[in-house]
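**Q** okay, predicted coordinates and the sequence, questions at the end:
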There are 4 protein chains.
Amino acid sequence: MSNSLGEKFRITSFGESHGKCVGVVIDGCPSGLSLSEDDVQSELNRRRPGQSQITTKRQEEDQVEILSGIFKGYTTGAPICMLVWNKDVDSSKYELFRNVPRPGHADFTARQKYGGFNDYRGGGRFSGRITASFVMAGAVARKLLRDVLKVDITAYTIEIGGIKAKKIEDVKVIKKTVEKTPVRTADLEVAEKMIDLIIQTEKEGDSVGGIVECVATNVPIGLGEPVFSSLESDISKAIFSIPAVKGIEFGTGFGVSELKGSENNDAFIIEDGKILTKTNNSGGILGGISSGMPIIFRVAIKPTPSIRNKQDSVNILEIKETTIQIEGRHDPCLVPRAVPVIESMTAVVLVDHAIKYGLIPQIIKGDI
Amino acid sequence: MSNSLGEKFRITSFGESHGKCVGVVIDGCPSGLSLSEDDVQSELNRRRPGQSQITTKRQEEDQVEILSGIFKGYTTGAPICMLVWNKDVDSSKYELFRNVPRPGHADFTARQKYGGFNDYRGGGRFSGRITASFVMAGAVARKLLRDVLKVDITAYTIEIGGIKAKKIEDVKVIKKTVEKTPVRTADLEVAEKMIDLIIQTEKEGDSVGGIVECVATNVPIGLGEPVFSSLESDISKAIFSIPAVKGIEFGTGFGVSELKGSENNDAFIIEDGKILTKTNNSGGILGGISSGMPIIFRVAIKPTPSIRNKQDSVNILEIKETTIQIEGRHDPCLVPRAVPVIESMTAVVLVDHAIKYGLIPQIIKGDI
Amino acid sequence: MSNSLGEKFRITSFGESHGKCVGVVIDGCPSGLSLSEDDVQSELNRRRPGQSQITTKRQEEDQVEILSGIFKGYTTGAPICMLVWNKDVDSSKYELFRNVPRPGHADFTARQKYGGFNDYRGGGRFSGRITASFVMAGAVARKLLRDVLKVDITAYTIEIGGIKAKKIEDVKVIKKTVEKTPVRTADLEVAEKMIDLIIQTEKEGDSVGGIVECVATNVPIGLGEPVFSSLESDISKAIFSIPAVKGIEFGTGFGVSELKGSENNDAFIIEDGKILTKTNNSGGILGGISSGMPIIFRVAIKPTPSIRNKQDSVNILEIKETTIQIEGRHDPCLVPRAVPVIESMTAVVLVDHAIKYGLIPQIIKGDI
Amino acid sequence: MSNSLGEKFRITSFGESHGKCVGVVIDGCPSGLSLSEDDVQSELNRRRPGQSQITTKRQEEDQVEILSGIFKGYTTGAPICMLVWNKDVDSSKYELFRNVPRPGHADFTARQKYGGFNDYRGGGRFSGRITASFVMAGAVARKLLRDVLKVDITAYTIEIGGIKAKKIEDVKVIKKTVEKTPVRTADLEVAEKMIDLIIQTEKEGDSVGGIVECVATNVPIGLGEPVFSSLESDISKAIFSIPAVKGIEFGTGFGVSELKGSENNDAFIIEDGKILTKTNNSGGILGGISSGMPIIFRVAIKPTPSIRNKQDSVNILEIKETTIQIEGRHDPCLVPRAVPVIESMTAVVLVDHAIKYGLIPQIIKGDI
């Protein structure tokens, strides 16, 4: 069903923006993984609103509560239900958008699909807020990947509003830098320009989009189940579940149109007795299966649809054109907060495949 | 499982490039759809090798045989199994690639994943040939969409080897033009240049990639099941199952980084009493749900990895660097033959969602 | 995954006996169904412990809290998360059973399967208490079936400890009677004997099992998706998820061994212009598909494994035989409380099939 | 979807009784399993019609053809498609039953469900013939279970037409005896009586039903995924997919109603340093998880609905009562031929769970 993802590590998301809570159930987490609320909270904090001058001023503490599946500090093999309670909620302004849909939002399509019964407050089920459930699930997935397989996942901003970061190849350098700036780019020089642009755009009542790159290192050879569960298939499905994502490309991506086969093919080489490829145009995936090279992909994030400027819309009941103005506290740029969400969904997919391929045991350790 | 796709209209692909056949089982097709082998054959013919001077010289007649699920010219509601028998097969050259993997191919990863038991002849299960099963399934999906909902799906080449076709907005014009040239672009002027480039590249023992655009018109409002089965999620998963695909973007796609929210948001308007959007930067999908506007996306196709030029590789058994040279009859550019495959997978996803959303009845007609 | 059931109306159960709560997420409930906590509570009350002299003395108020998916009194189409918080919990006695498993319980197998990490308090995830999540989901399923299709589901005790109720054919009579006695049988004469047996057995430190029959009336023709989702297949899968169930039979069931084909076949007849069968040995299911006759099946419930009498067991750590004595407040007979659980799981399966077959629309009503 | 079963070892059945073929696709079989057509044929031969004086006189050689997934005698990890071509087909008599449904058959319900488009020849998709696809899949599953885990599965008739075989506890004795008599019972004395009854009933134009018991030995502890994929849940779902099955019970089954908890609980004991249970009333499953004891269950098979005697039915088009007489060659008792089918479906479920639980590796051996 549509609110679940994964086969062996299966997450089910629930909750709405202005309802009681946003939560997730994880089914299929092996037993014996050491897990505390702190492990989850540290990831949630990276997604939380109000964390810097360029994110929304809404204050949500987003404190995780684990309801099931953990006993004496370890996963039990039973479903893990976790949630954050909604607190800083102001639904007063949304009554308006019920009949006058906000451009770029799901107001119109959700209303049609659910016959007007959808919870429209704060975007309801279509709010970016539901990605809190992705991050909670991702925190568990990342811990499994790290503890058992040493897989590391890092995402970072490479472009905002047309401003491009310079290419940095070394993931270790990226990891050290990326959390030092609120735009989460590894190019600290360009970071200031991005911040300025965001602040300026916000003042103009507008918003900007951008591009995030994500790298997973130390991924074992063999993840991915062709044909329909190729690694690209499953990663892309998960990433497009994140609101505002409009594109994904692996390795060279859309650049392949400009390359000859002789340029795009990654030659096999031997380094320290291991088979690698000289280049990584494939993004670490060959035939839908991880090759042992870093998995690398890029994600396009559209500008926040909620802008203060007046916009053209229609009144659905009266079938009449009108205008709409959106008040409220919205991120002028979704890109920085999308970074931990992209990492999380990547982790969820990789751990699912790692379990399917038998690389993560059903019992993490047997010391009891 | 990985060789099945879809929930309500579920396809299961089987077969290998140089095995006995390539086939598909469709489970969930409503009963009462008029369906003949000709309906399927006409789509297969568009994918078939040897159809023009710029495709592989291999001759495969790819004659479909329907094994089950059809009775007296109508679908019965039982699983439809269809296949094409493999004929023009020459496996002699593939023994070589078992231990010396071809760059850009799945030889290396498949061998690792399946412990060397994979059928490596002609790429086996990883060959582009398995897309014949996608096209057979797609033919049924398209017929359902067309007969019941008047949905139309058209894909066409917009870029090959860096040569860009000019933007044509009118899908009717595109449909009339696209099959007139073997490169399947709607810009007939640029078509000649693309053909020249492909022929020239082929002579040089090399290959080129490109970009295909796909448009689905008349799609009803409401298809797509957020969050994890958003229309973008499910289309992208299906499209990345096609070998050689490395990127997908919907609507403005990666271009969103250069747009302000005020530019990227599609204003709602009223035309002939219907709610539309002035622009279609969203690609016909809002909140993961079809908006009634045309669904539009682009797909990056890498240059054919099989090239005649000598390439660097390794001998896996000896853990030693070596070179490899690929003989044989390969498409110098996969883009034109990818066009019907992309349409097919799009149809498979849309019909699955249309059934889920209740727009296609379980019995197409009750006239018996 | 194992904690989810259903394809279109999909339930995901979570929670443990002595953890924070027991809950369920429903994914796929159509929008526009009027639903309140009272609708769910009334079903939960029938399952609740402490409701009569023959059930456990534990007092759990089992107050449902709906966390998501309802807005202004209607389902929204988003996942519905509901739970009951655990209150009257005494885990002190369970430390003992960790290493000395209780006969007839999952202590031994769960410990082996989860490497000892399972929450063993009160049986943890294997407690009958998790059926509270079944009943919550069932309450929604029943409301959908009743409101849209007028389907009615009634279960009732037909045997306890070898004491058989007399056969009552008229479901209306059964419905009127069954809640009048704590053993939930329609034969009020035999009810007293059953109650006496239960009380007597309880005094002896022992327990009894029994058989429940379940009838669903007004089920439309055509539910059930052969071959692997036949109605018998999916009902049996759901029913065997209820702890203590050890057998299920449809219609004549195991009695078929004693009948000739000419006796067991249900002759078709016409009544009031409708096609019915003279008898209903098939239990309302032919070829895995509902025939329009009442669906009827029987379920065997084993005697409560928790008994006060001393039992033989082993110490797992010391690999040594020993004895065990179980204190605490346990139902001497699970049968009466199993009745609403069986109804609930039947409803969950039938509503899933009804949605699949297109009989329940995606929007219940469009009056907004 | 309804024609697929299993999560990790997933089978998809296709084909009709009088269509071109009956087949199956297995997705998820590990690579490296030695497999030939002979391995499958030997199981098919046990299900084949015409094998003795008490089965149908139809002669179908049921020769398996493997279409994909095997290379050089080993499974490749790709989908395995196998089929038997239909040969001895006489469809002339079935036109009659289209409008006058045979009692006890799916003629009526299938016609309603599929709007009359179903292939009614020979029962079409509802024929017992489709169990040939179950047996083909089962042959692969059994080989995996046997080769990797030494699991052994044996089914045998324990009752036909009310005639009960005497209880034999030793599975080794059963295995040696069961194929010595066409009724496949281990009690050779009673076998003659069963055969006489079948022959006599056949002469009377009637049919008989019976009960089959199935035992799986050497099943590792830990198979089964509570709650909804408990071993009972998944076995029962698979078994009820077999036409004519009307009941299933595990261990003591319906007998639990007559036992006290103190009698029904299986005491844990230690034998040769291993933890076993003194009795096996649970049928080898505790809390939905295999306990290491033999898994044991019984299945009720109804009398063949096709009988020569005249029966009451209705004309669907004219909505009028009438009678029907079935000619043709039908088994007077389905029980003996159900035996290998029950074993097969049990194997399919157990291997699926064994893979899920990590007991069967993704590559059976790495000797290449």
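**A** Received, thanks.

**Q** how much space separates the closest residue to chain C within the stretch 201-350 of chain A from A:G116?
**A** Taking Cβ to the nearest Cβ as the measure, the stretch 201-350 of chain A has A:L317 as its residue closest to chain C, at 10.4 Å. The C-beta positions use only the backbone N, C-alpha and C, and glycine is treated the same way. Noted for A:L317: a distance of 10 Å to A:G116, by Cβ to Cβ, to the nearest Å.

**Q** look through the stretch 1-150 of chain A and state the residue closest to chain B.
**A** For the stretch 1-150 of chain A, Cβ to the nearest Cβ, closest residue to chain B: A:A106, 2.3 Å.

**Q** show me what contacts that residue?
**A** Counting by Cβ atoms under 8 Å, 6 or more residues apart in numbering or on different chains, A:A106 touches A:G123, A:F126, B:P226, B:L286, B:G287, B:G288, B:I289.

**Q** how about the residues of chain A near chain D?
**A** A:E7, A:K8, A:K356, A:Y357, A:G358, A:P361, A:Q362 (Cβ under 8 Å from any Cβ of the partner chain).

**Q** now the residue of chain A most remote from its centre: closest residue in space that isn't a chain neighbour?
**A** Here chain A reaches farthest from its C-alpha mean at A:E318, the gap being 37.6 Å by Cα atoms, centre = their mean. Nearest non-adjacent residue to A:E318, counting by Cβ to Cβ, 6 or more residues apart in numbering or on different chains: A:N99, 7.9 Å away.

**Q** hang on, isn't the one you found packed against A:N315?
**A** Yes: between A:N99 and A:N315 there is a contact under Cβ atoms under 8 Å: 5.5 Å.

**Q** low-confidence regions, chain A specifically.
**A** A:57-59, A:366-368 (pLDDT under 70).

**Q** thinking again about what came up before, quick check: the residue of the stretch 1-150 of chain A closest to chain B vs B:T55, distance?
**A** 42 Å.

**Q** over to A:I248?
**A** Distance from A:I248 to B:T55, by Cβ to Cβ: 29 Å.

**Q** now A:I296
**A** Distance from A:I296 to B:T55, by Cβ to Cβ: 31 Å.

**Q** just A:G28 next, same as before
**A** 44 Å.

**Q** now do the same contact list for A:N315.
**A** Here A:N315 is in contact with A:N99, A:V100, A:E321, A:T322 (criterion: Cβ under 8 Å, 6+ apart).

**Q** distance of A:K172 from D:F9?
**A** 41 Å.

**Q** same drill for those two, tell me which one is more crowded.
**A** D:F9 (27 against 10; other Cβ atoms under 10 Å in any protein chain shown).

**Q** I'd say that one and D:V24 touch.
**A** No: the pair D:F9 / D:V24 is not scored as a contact, 11.8 Å apart, by Cβ under 8 Å.

**Q** helices along the stretch 101-250 of chain A, start to end?
**A** Assigned by DSSP state H, counting those that start in this stretch, the helices in the stretch 101-250 of chain A fall at A:107-113, A:131-144, A:171-178, A:188-203, A:231-239.

**Q** dump these to TSV, plus distance to D:K93.
**A** As requested, the helices of the stretch 101-250 of chain A are arranged in TSV below (distance: least, Cβ to Cβ, whole Å):
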stretch	distance to D:K93
helix A:107-113	49
helix A:131-144	58
helix A:171-178	71
helix A:188-203	77
helix A:231-239	48
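
**Q** nearest to chain C, out of these?
**A** So among the helices of the stretch 101-250 of chain A, helix A:107-113 is nearest, using Cβ to the nearest Cβ, at 7.1 Å.

**Q** quick one: that closest one to chain centroid distance?
**A** With Cα atoms, centre = their mean, to the nearest Å as the basis, helix A:107-113 stands 23 Å off its chain's centre.

**Q** quick check: buried residues in that helix?
**A** By 16 or more other Cβ atoms under 10 Å in any protein chain shown, the buried positions in helix A:107-113 come out as A:D107, A:F108, A:T109, A:A110, A:R111, A:Q112, A:K113.

**Q** contacting residues around that helix?
**A** Among residues not part of helix A:107-113, those counted as contacts by Cβ under 8 Å, 6+ apart are A:97-98, A:101, A:118, A:120, A:123-126, A:316, B:221-222, B:224, B:268, B:275, B:286-287, B:289-291, B:357, C:77, C:362.

**Q** tell me the buried residues within those residues.
**A** Neighbour-count burial (16+ other Cβ under 10 Å) applied to those gives A:97-98, A:101, A:118, A:120, A:123-126, A:316, B:221-222, B:224, B:268, B:275, B:286-287, B:289-291, B:357, C:77, C:362.

**Q** what's the angle from the longest helix belonging to chain A to helix D:335-356?
**A** In chain A, assigned by DSSP state H, the helix with the most residues is helix A:335-356. Angle, helix A:335-356 to helix D:335-356, by axes from the mean of the first three to the mean of the last three Cα atoms, to 10 degrees: 130 degrees.

**Q** alpha carbons of stretch A:23-35, in PDB - could you do that?
**A** C-alpha atoms of stretch A:23-35 as PDB (Å, rounded to 0.1, in the frame of the first residue of the first chain):
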ATOM      1  CA  GLY A  23       4.800   8.700  13.100                       C
ATOM      2  CA  VAL A  24       6.200   5.600  11.500                       C
ATOM      3  CA  VAL A  25       6.100   1.800  12.100                       C
ATOM      4  CA  ILE A  26       9.200  -0.200  11.100                       C
ATOM      5  CA  ASP A  27       8.500  -3.800  10.400                       C
ATOM      6  CA  GLY A  28      11.400  -6.200   9.800                       C
ATOM      7  CA  CYS A  29      14.200  -4.600  11.900                       C
ATOM      8  CA  PRO A  30      16.400  -7.500  13.100                       C
ATOM      9  CA  SER A  31      16.500  -8.000  16.800                       C
ATOM     10  CA  GLY A  32      19.400  -7.100  18.900                       C
ATOM     11  CA  LEU A  33      20.300  -3.700  17.500                       C
ATOM     12  CA  SER A  34      21.100  -1.300  20.300                       C
ATOM     13  CA  LEU A  35      18.700   1.600  19.900                       C
END
